[in-house]
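Chemist: Have a look at this prediction, sequence included:
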Amino acid sequence: MIDFYYWPTPNGHKISIALEEFGLDYQIKSINILKGEQLVPEFLAISPNNRVPAIVDHDGPDGKPHAVFESGAILLYLAQKTRQFWPATPVEQSTVTQWLFFQNASIGPMFGQCGYFNGYAKEHVQHGIDRYCGETKRLYGVINKRLGETEYLAGSDYSLADMSTFPWMTAKQQKLHDIDVTGFPNVQRWFTEISKRPTVQRGLAVMAEDLKVGNPTDETFDAMFNQK
């Protein structure tokens with residue numbers, strides 16, 4: 001059994017989708033980031049950077065509990081644990097890892113900052129919007145070019161890279177980032193195809209009723225963006 005420390009964010013959705021894809025037994029441990037639950041000592045002992053998601057695998061290496069934080073690290077751990085969605089050859093493994101790291105190093109930070117300045121910031125900061133949302137559009141172009149060459153990000157097979165990237169490009173995220181996906185037809189084709197996967201639909205549905213829409217209150221803003 002895996003304890004899944006979660007809130008329905010794009011990074012959280014990566015792992016809820018992955019757990020469904022891998023067919024693993026898990027139980028939700030809700031971490032309400034609107035109430036600051038990511039800052040409590042019990043969670044920090046598992047996720048030192050106070051971010052969801054995180055997991056504790058009670059059937060970890062040598063049968064002992066094993067905690068993992070950081071969404072990319074969790075994906076790699078689950079793939080290597082189950083030997084699913086992990087290619088057989090070093091070249092294929094390298095390709096998956098490159099596009100997985102691309103998401104974690106570029107898409108997540110840039111899209112996240114675009115969403116902050118475009119949708120959450122208390123003051124309008126045009127420079128922040130131009131910087132981060134401009135970079136978001138550029139990264140859409142990188143992905144669109146790649147998906148014009150291959151069916152999925154890492155090649156012909158659906159992989160960890162797709163699981164990691166897809167939640168940052170949902171319809172809600174496109175609206176938050178002011179993206180017209182019709183201008184990126186290869187992304188649109190890829191997104192539509194992945195959206196049809198029952199495992200993806202189940203992963204996105206986890207705690208969907210708890211997902212808040214719109215700007216947070218002053219109290220929840222402080223909790224979400226660590227302004228306490």
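Modeler: Received, thanks.
Chemist: does residue 30 have beta-bridge partners, and which?
Modeler: residue 6 (DSSP bridges).
Chemist: count of residues packed around it?
Modeler: 15 (other Cβ atoms under 10 Å). To be clear about C-beta, it is placed using only N, CA and C from the backbone, and glycine gets the same treatment.
Chemist: same check, this time on residue 112
Modeler: 18.
Chemist: What residues of the helix or strand encompassing it count as buried?
Modeler: Secondary structure from DSSP states H and E places residue 112 in helix 108-115. Residues 108, 110, 111, 112, 113, 114, 115 are the ones in helix 108-115 that count as buried (16 or more other Cβ atoms under 10 Å).
Chemist: again, but for stretch 119-129
Modeler: Those would be 121, 128, 129, for stretch 119-129 by 16+ other Cβ under 10 Å.
Chemist: check contacts around the second one.
Modeler: Taking Cβ atoms under 8 Å, 6 or more residues apart in numbering as the contact definition, residue 128 lies against 113, 116, 117, 121.
Chemist: can you do 10 Å?
Modeler: Residues near residue 128 by Cβ atoms under 10 Å, 6 or more residues apart in numbering: 113, 114, 116, 117, 118, 121.
Chemist: Chain neighbours aside, what residue packs nearest to the last one?
Modeler: Closest residue to residue 121 apart from its sequence neighbours, by Cβ to Cβ, 6 or more residues apart in numbering: residue 128 at 7.0 Å.
Chemist: Likewise for the fourth one?
Modeler: In this structure, residue 117 finds its nearest non-sequential neighbour in residue 128, 3.7 Å apart by Cβ to Cβ, 6+ apart.
Chemist: do you know how far the residue nearest to residue 121 is from residue 205?
Modeler: Per Cβ to Cβ, to the nearest Å, residue 128 is found 32 Å from residue 205.
Chemist: what's the longest helix in the protein?
Modeler: Counting residues, the longest helix found in the chain (DSSP state H) is helix 126-147.
Chemist: Helix or strand next in line after that helix, which one?
Modeler: helix 160-165.
Chemist: Only the C-alpha atoms, please, for that next one, written as PDB.
Modeler: Output of helix 160-165 as PDB, limited to C-alpha atoms (Å, rounded to 0.1, in the frame of the first residue of the first chain):
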ATOM      1  CA  LEU A 160       6.500   9.000 -17.800                       C
ATOM      2  CA  ALA A 161       7.300  12.200 -19.800                       C
ATOM      3  CA  ASP A 162       3.700  12.400 -21.000                       C
ATOM      4  CA  MET A 163       2.300  11.600 -17.500                       C
ATOM      5  CA  SER A 164       4.400  14.400 -16.200                       C
ATOM      6  CA  THR A 165       3.600  17.000 -18.800                       C
END
